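Novice: could you look at this predicted model? Sequence included:
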Amino acid sequence: MHIERKMFAGICRLGLILPEGNSLKEKRNIVKSIIERLRHRFNISIAEVERHDALRRAGIGFAVVSNEKSHLEKLIHSVVNHIELDGRVEIEFIEQEIL
């Protein structure tokens, strides 16, 4: 008997602008705060993945796995929406893919 199993992975990369960032230490604290909050709220794998030394820019990436594509799409949308509502950052770009 063959049982079909479905698994979907969603990945998303975001470029962030931190208009109020006055130092790399302040920027890292803001990015770390956002990452930790999203990790715990949505149970996602997330990290700062680029622009580590840029003063007012950051790049984060996150990944999620589910057996339903629609669930992944909703989850990615919720995470992005949560970031958009954070007054400390602006989203510069979003790249996402569901595999």
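Specialist: On my side now, so go ahead. Note that the structure is predicted; figures quoted are calculated from it, not measured.

Novice: residue 22 belongs to a strand?
Specialist: No. Going by DSSP: H, G, I helix; E, B strand; the rest coil, the assignment for residue 22 is coil, not a strand.

Novice: based on its surroundings, how many neighbours for it?
Specialist: 10 (other C-beta atoms under 10 Å). Where you see a C-beta, it was placed from the backbone N, CA and C, and this is true even at glycine.

Novice: from the chain's centre, how far out does stretch 76-85 sit?
Specialist: Mean C-alpha position of stretch 76-85 versus that of the full chain (C-alpha atoms, centre = their mean, to the nearest Å) differs by 8 Å.

Novice: give me the pLDDT value at residue 51.
Specialist: We have a pLDDT of 89 for residue 51.

Novice: contact partners for it?
Specialist: 15, 57, 58, 59 (C-beta atoms under 8 Å, 6 or more residues apart in numbering).

Novice: all strands for the chain, in order.
Specialist: 8-17, 45-50, 57-66, 90-98 (DSSP state E).

Novice: can you list contacts of stretch 9-24?
Specialist: 26-27, 30-31, 49, 51, 53, 55-66, 72-73, 75-76, 79-80, 83, 88-99.

Novice: returning to what we had before: what would the strands of the chain look like in CSV with mean neighbour count?
Specialist: Putting these into CSV (neighbours: other C-beta atoms under 10 Å) gives the following:
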stretch, mean neighbour count
strand 8-17, 18
strand 45-50, 14
strand 57-66, 19
strand 90-98, 13
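
Novice: make a markdown table out of these and add distance to residue 37.
Specialist: What follows is the strands of the chain, written out as a markdown table (distance: least, C-beta to C-beta, whole Å):
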| stretch | distance to residue 37 |
| --- | --- |
| strand 8-17 | 14 |
| strand 45-50 | 10 |
| strand 57-66 | 12 |
| strand 90-98 | 16 |
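
Novice: and those: which comes nearest residue 39?
Specialist: strand 45-50 (5.4 Å; C-beta to C-beta).
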